[in-house]
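> Okay, here's the prediction I keep looking at, along with the sequence it came from:
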Amino acid sequence: MVELAPRHKYGLTLTVPVMPASGTFGYGDAYQDLVDVALLGAVVTNPVSLRSRRTAQGRRIGVRGDAFVVHTGWPNPGLNRVIRTYSETWERLPIPVIVHLLASRPEEVAQTAARLSGVAGVAGIELGFPATISVRDARATVEAAANEGDLPVIAKIPFGRVERLAPILAAHGADALTLTAPPRAVLPVRDERAGAVARFMRGRLYGAALFPLLLDTLSYWARRLPVPVIACGGIASPEDALACLTLGAAAVQIDALLWREPALLDTVARALVQPQKPDSVLAESSTEQPGMEDEE
Amino acid sequence: MVELAPRHKYGLTLTVPVMPASGTFGYGDAYQDLVDVALLGAVVTNPVSLRSRRTAQGRRIGVRGDAFVVHTGWPNPGLNRVIRTYSETWERLPIPVIVHLLASRPEEVAQTAARLSGVAGVAGIELGFPATISVRDARATVEAAANEGDLPVIAKIPFGRVERLAPILAAHGADALTLTAPPRAVLPVRDERAGAVARFMRGRLYGAALFPLLLDTLSYWARRLPVPVIACGGIASPEDALACLTLGAAAVQIDALLWREPALLDTVARALVQPQKPDSVLAESSTEQPGMEDEE
Amino acid sequence: MVKRQTAILRRARPAPPFWEIHLALEQPPEPGAYVLADLGGPLREPLFPSEIDSAGFVAAVPPGHPALRLLPGAEIDVIGPLGRGFRLNPDGHPLARLLLVAQVGFLPFLQPLFQAAPAVALVVEATTRAQLPAPTRFPPTLELTLVTLDGSAGYLGPLEAEGAVPSGLERAGPRLRELIAWTERACFAFELDRYPALAQCVSEVRIQPQADLAQALVRVPMPCGVGACDACRVATQRGERQACVDGPVFDLLAFRRE
Amino acid sequence: MVKRQTAILRRARPAPPFWEIHLALEQPPEPGAYVLADLGGPLREPLFPSEIDSAGFVAAVPPGHPALRLLPGAEIDVIGPLGRGFRLNPDGHPLARLLLVAQVGFLPFLQPLFQAAPAVALVVEATTRAQLPAPTRFPPTLELTLVTLDGSAGYLGPLEAEGAVPSGLERAGPRLRELIAWTERACFAFELDRYPALAQCVSEVRIQPQADLAQALVRVPMPCGVGACDACRVATQRGERQACVDGPVFDLLAFRRE
Ligand SMILES: Cc1cc2nc3c(=O)[nH]c(=O)nc-3n(C[C@H](O)[C@H](O)[C@H](O)COP(=O)(O)OP(=O)(O)OC[C@H]3O[C@@H](n4cnc5c(N)ncnc54)[C@H](O)[C@@H]3O)c2cc1C
Ligand SMILES: Cc1cc2nc3c(=O)[nH]c(=O)nc-3n(C[C@H](O)[C@H](O)[C@H](O)COP(=O)(O)OP(=O)(O)OC[C@H]3O[C@@H](n4cnc5c(N)ncnc54)[C@H](O)[C@@H]3O)c2cc1C
Ligand SMILES: Cc1cc2nc3c(=O)[nH]c(=O)nc-3n(C[C@H](O)[C@H](O)[C@H](O)COP(=O)(O)O)c2cc1C
Ligand SMILES: Cc1cc2nc3c(=O)[nH]c(=O)nc-3n(C[C@H](O)[C@H](O)[C@H](O)COP(=O)(O)O)c2cc1C
Ligand code: FES
Ligand code: FES
């Protein structure tokens, strides 16, 4: 059992500290044939906006070694249609549903959070921000979500903005923080017809190579923030997930690496649900000060 | 021909905009059997400190997919011994030598820069900073290097600190900027004897997967900074190097990927020395506003 | 849909430039449907059947495809079958006449349909003569129409173009329309951006076409295959659809311009 | 040192747990020296010779080693030969007596020396009996001393330990000292952290040892192999040295504690 919203009146309790990351798992039932959601702690939905959004133009996927760039523009049919389409699924799911909201203007987020508070099965909100959002706007957005809805609010911090955003959002209404959203990335696009690199694509970067950056951020921030931290970014195995918990994360999100290996979600969940024996993986260092080989 | 220090009285002119990154190529002659340095624009030395530094304790190398973490502690015998050992090599090399200095206290950097100004073959200084250096210290360090020595000064910006450091250092004496130093990273270390993940290592992350992050940074910053920008981070091919130049970089550094493929340096140099024909790779977008598929 | 380990039975190159990879699979995908295979990259790759047999299916892939790093005997992990393939006899009664239309690189997607009806006509469009497959490669029952963009062989393409042509050449458009008028079903395999104009051709010839009269296979990246990632969305007349689950085969007329 | 393409000639497992990979190479590395091979990972891997022949050399690698992803016939890219290997006859005159001492996992590094002198003694230390190689694997001329850390076979290790032992067991230390007193040259292959104590043993037995009397192969990561990256530095009595170019074989006594 892990409590992701200890300061919230209802709380947000997970039996297992594992969930998919927003944008990778659909709205709850896309993976029903391949993933046993009952083993997970929660489901986080794909991003939802108040009004519908269309798919982005241009190249959607670019592969770079074992990393890849994804560019979708977060298409979705808008809040009301998402609720109409999926509320039955959410009610039926045996685990809490966290709806990821694309944080736009605070008034809109207020409206959205209020609307979601009544929906059965929905146990929390995760807010996603544009990568370059100002501290002021991010704070106003979190406050709006916390004040106008009655659901726990998780803020997903853009990559590279932890220092500036995380402490402030934790102080202004965020019940938990997800560290971090995938980094923004640019990749040359090979135009196969022209046979030359003529354009670039912009998108979010995924890959196991990002995991060492996540651990670096966790190693400094997880124990300095006053709210639970959810680790996200390149987690590729149960050992990775345990390393995140050791460095102070309360839970983990498995991101787009699950597309290659959907079973990763269940595998990680099974590994984390077992009580950790004293001599188990990572146990040596799961103390307050995990064993870094060198302080430098 | 590319001028890396247009504001400097001597300048720093390269015939080809390609060089190895500090920490990957030794002090000039380590790769003499495998790389034809005459093809390169410059050599950047391994980091040098005023006093000698010992090798770091603990695990030095950790591999993560196609990325890897390196932890050396920047061992070096100190400035005077480095000069004694390598000044003949530097004088003999047919290309400019840029000495990378570990930026510690401004007084030390002032001393170091002054000492290097007299050394034959040395055409510039690149300053490296601790990842968490304060803006004030970084600025004082750059000012000290620029005022006390008479060599062009390149500041290598720590990963994730571009926004806060680059504009200020460019305004206070940096003739050029290297974007960026490798990110700090943490990786679980599997203790083979114990058979369990018991510790973590900290170091700098290298890998082709970092290149999309470099391009993202360049796409925004290269044309907004008032000094030439040297691109560094995961460049793995001539196409990558051309993409950097297209996005506004004046030159590129090839980093630790050259360990696997030392020929990469010469390959990139050969590709960049050829005058680019109008219909060549990337030409379509080598305008002021390179073609991003989407502004989002 | 299931996830399972399968083996590569055989690799051959009977029809260059494509390589054929024979995969063992109990429940192979239907024509136009696919499996997602873990071929060692960070994302799975879709494999479409170019032949289906009792052991599994054959995927024909272009040179450089990641599947070619694997040797016969290699075990690979596939998820599938996935997606909706071609729908050839929706009313239950078998087809008499079938039209297949493809750009040459997409020919393997239609290959399992080469003998799907007593009368099958195939239109292949290539940039130039050298890219066209030898007519001997096709079953003799197939009525073949060749089209090149430079007029170096067969009709002059592109298929949807109109207007005057240099003497000695004949436009492909009228021939295509003839075949569309003739057929009971038409299956297209082209880059997505060709479909609006091809849909236009069909709707000009067949005034009140029934649903699925003309079908179009859409090839876009499909990282997840189950409707989770939204990377495969395509715009249709009825709104956006996911190629991975709503397709990859759509009613061609869904791509008509307003 | 050169960079070249080479081929894997053969793969076999005559001496489990190691796999033997036979590489074609005109100028193979000497015993204790190495090549850096591109085996598909982001960093090259060192390959040390366990046998050297006219076609090239054999590298014996443990299970799971990235070289095992490659099949015979595969082309690989190697840089080398690199580093300083064992120095067996510095004065030009051939050795009569040679001592080899290794932890069992490092045995392949010493294998090319098994017949390097008329009289060769080999000391192998393993955790337990099951890890020890069968004596039949060694040339009959080799004088074999087995050591286990749990006393399940041979002498009781570790080699450098002293003090009382349970009855029925015999400490390995005195036997090692005997052999050190006897030999003209001693070659060690252990984890780096064992060398200070082993150096201590040697300096206790041989009062004024000549340089390179005892030599130690150091296995640390060597990403560049040419002295450029400083990842392979090891502390010696004369300051830090680079294992890749100053070693991998060092004078054991350089690792003595002050
Ligand atoms: C050893 C260590 C000491 C630190 N000391 C301080 C401190 O004294 N005061 C403080 O406010 N913060 C400190 N930090 C935190 C650091 O400044 C970053 O805020 C933190 O790494 C999270 O990075 P981010 O906000 O950029 O988010 P991320 O998305 O994690 O950033 C991506 C990467 O950028 C790098 N990065 C970004 N900003 C910085 C930065 N300012 N410094 C170093 N790396 C950065 C990180 O390596 C990170 O991996 C420290 C971090 C570490 C690892
Ligand atoms: C489309 C776009 C619009 C931008 N608009 C502005 C602007 O209006 N004002 C401005 O001052 N800067 C802007 N930036 C710059 C941005 O804030 C970062 O400074 C820049 O990406 C360099 O990142 P870094 O300093 O963290 O260095 P890096 O080492 O490159 O940081 C690593 C990664 O962290 C991410 N990152 C770090 N900080 C930020 C941040 N503040 N915002 C977004 N991503 C970040 C980047 O994605 C980068 O890839 C913009 C960047 C982009 C790509
Ligand atoms: C209103 C708005 C909200 C956003 N919210 C998120 C978010 O929730 N999560 C995120 O990663 N990026 C968010 N972004 C940031 C990105 O800049 C970008 O829109 C998003 O990452 C789309 O990814 P793509 O590259 O797949 O199109 C948001 C952008 C906008 C305009
Ligand atoms: C005085 C000092 C100077 C530093 N200069 C640099 C530098 O020039 N380049 C860099 O990448 N990191 C620099 N660092 C930052 C790092 O925190 C770290 O010391 C360095 O990256 C060592 O890498 P390692 O992980 O291989 O030990 C410096 C640190 C100190 C203490
Ligand atoms: S491939 Fe992921 S939604 Fe279609
Ligand atoms: S391996 Fe790079 S210096 Fe030795």
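Happy to help now that I have it. Numbers count the residues shown, from 1 in each chain, chains lettered A, B, ... in the order given. Ligands and ions are numbered 1, 2, ... in the order given.

> looking at chain A, which helix or strand is least sure?
None of the helices or strands of chain A scores lower by mean pLDDT, DSSP states H and E than strand A:196-207, at a mean of 86.

> low-confidence ranges in the chain?
Just so you know, I chose chain A. In the predicted model, chain A carries pLDDT under 70 at residues A:191-198, A:274-296.

> Correction: the question concerned chain C.
Low-confidence regions of chain C, defined by pLDDT under 70, span residues C:1, C:90.

> Write out the residues of it neighbouring chain A.
Within chain C, the positions near chain A by Cβ under 8 Å from any Cβ of the partner chain are C:1-3, C:38, C:41-44, C:79, C:220-221, C:223-224, C:226-235, C:240. No exception for glycine: its C-beta is placed from N, CA and C like everyone else's.

> Mark which of these are buried, thanks.
Listed as buried from the residues of chain C next to chain A are C:1, C:3, C:38, C:42-44, C:79, C:220-221, C:223-224, C:226-234, C:240; burial here means 16 or more other Cβ atoms under 10 Å in any protein chain shown.

> So which of these sit within helices?
Residues of these located in helices (DSSP state H): none.

> In what element of secondary structure is C:V202 found?
Taking DSSP states H and E as the definition, one finds C:V202 inside helix C:195-205.

> out of everything not next to it in sequence, what's closest to residue 38?
With no chain named, the answer covers chain A. Excluding its sequence neighbours, the residue lying closest to A:A38 (Cβ to Cβ, 6 or more residues apart in numbering or on different chains) is A:P94, at 4.8 Å.

> My question was about chain C, not that one.
C:D77 (4.3 Å).

> A:L165 against A:A171, yeah?
No. Counting by Cβ atoms under 8 Å, A:A171 is not a contact partner of A:L165; they are 10.9 Å apart.

> Identify the contacts common to those two.
Common contact partners of A:L165 and A:A171 (Cβ atoms under 8 Å, 6 or more residues apart in numbering or on different chains): none.

> neighbour count winner among those two?
A direct count of neighbours by other Cβ atoms under 10 Å in any protein chain shown for A:L165 and A:A171 places A:L165 higher, at 23 against 13.

> Check which helix or strand that one maps to.
Element membership for A:L165 (DSSP H and E) is helix A:162-171.

> May I have that helix exported as PDB, CA atoms only?
In PDB, the C-alpha atoms belonging to helix A:162-171 read as follows (Å, rounded to 0.1, in the frame of the first residue of the first chain):
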ATOM      1  CA  VAL A 162      12.200  20.400 -11.700                       C
ATOM      2  CA  GLU A 163      14.200  22.900  -9.800                       C
ATOM      3  CA  ARG A 164      12.000  25.800 -10.700                       C
ATOM      4  CA  LEU A 165       8.600  24.100 -10.700                       C
ATOM      5  CA  ALA A 166       8.500  21.200  -8.300                       C
ATOM      6  CA  PRO A 167       9.000  23.000  -4.900                       C
ATOM      7  CA  ILE A 168       6.500  25.700  -5.800                       C
ATOM      8  CA  LEU A 169       3.800  23.400  -7.100                       C
ATOM      9  CA  ALA A 170       4.200  21.100  -4.100                       C
ATOM     10  CA  ALA A 171       3.700  24.200  -1.900                       C
END
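
> Is there contact, residue-wise, from the least confident helix or strand of chain A to ligand 1?
No. Applying Cβ under 6 Å from any ligand atom, one finds strand A:196-207 out of contact with ligand 1, separated by at least 11.4 Å.

> And stretch A:137-152, by the same measure?
No. Stretch A:137-152 does not reach ligand 1 (Cβ under 6 Å from any ligand atom); its nearest approach is 13.1 Å.

> give me the residue from the stretch 1-150 of chain C nearest ligand 3.
Residue of the stretch 1-150 of chain C nearest ligand 3, by Cβ to the nearest ligand atom: C:L43 (14.4 Å).

> same thing with chain C?
C:A231 (7.9 Å).

> Show me what the longest strand along chain C is packed up against.
Counting residues, the longest strand found in chain C (DSSP state E) is strand C:2-12. In terms of contacts (3 or more Cβ pairs under 8 Å, 6 or more residues apart in numbering or on different chains; DSSP states H and E), strand C:2-12 is packed against strand C:19-24, strand C:75-82.

> distance of the residue of chain C positioned farthest from its centre from ligand 4?
Using Cα atoms, centre = their mean, the residue of chain C lying farthest from its centre is C:S167. It sits 32.3 Å away. Counting by Cβ to the nearest ligand atom, to the nearest Å, the gap from C:S167 to ligand 4 is 69 Å.

> now C:V147
Per Cβ to the nearest ligand atom, C:V147 is found 58 Å from ligand 4.

> do the same with C:D150
55 Å.

> How about that residue, nearest residue that isn't a chain neighbour?
In space, C:D150 comes closest to C:T128 once its chain neighbours are excluded; the distance is 5.0 Å by Cβ to Cβ, 6+ apart.

> hmm, back to that, and chain C, is the least confident helix or strand of chain A touching that?
Yes. Applying Cβ under 8 Å from any Cβ, one finds strand A:196-207 touching chain C at A:206-207.

> Next to ligand 6 in this structure, residues from chain A, please.
Counting by Cβ under 6 Å from any ligand atom, no residue of chain A is near ligand 6.

> For C:P158, which residues are in contact?
C:125, C:147, C:149, C:172, C:194.

> Now do residue 141: how many residues are near it, please.
In the absence of a named chain, chain A is used. So A:T141, with other Cβ under 10 Å, has 28 neighbours.

> right idea, wrong chain: chain C
Residues lying near C:T141 (other Cβ under 10 Å) number 11.

> tell me the secondary structure for whichever residue of the stretch 51-200 of chain C sits closest to chain B?
In the stretch 51-200 of chain C, no residue comes nearer to chain B than C:D193, which is 14.3 Å away by Cβ to the nearest Cβ. Three-state call for C:D193 (DSSP: H, G, I helix; E, B strand; the rest coil): helix.

> now for the helices and strands packed on strand C:2-12, which one comes closest to A:S104?
Of all those, it is strand C:75-82 that lies closest to A:S104, at 33.8 Å by Cβ to Cβ.

> Show residues contacting the helix or strand just after that closest one.
Toward the C-terminus, strand C:75-82 is succeeded by strand C:97-103 as the next helix or strand (DSSP H and E). Here strand C:97-103 makes contact (Cβ under 8 Å, 6+ apart) with C:88, C:109-110, C:113-114, C:116-126, C:159, C:176, C:179-180, C:182-191, C:194, C:198.

> if we can go back for a sec, which of the residues of chain C next to chain A are close to ligand 5?
C:223-224, C:227-232.

> What's the first helix or strand after the helix or strand containing A:D137?
Using DSSP H and E, A:D137 sits in helix A:135-148. Per DSSP H and E, helix A:135-148 leads on to strand A:153-157 as the next helix or strand towards the C-terminus.
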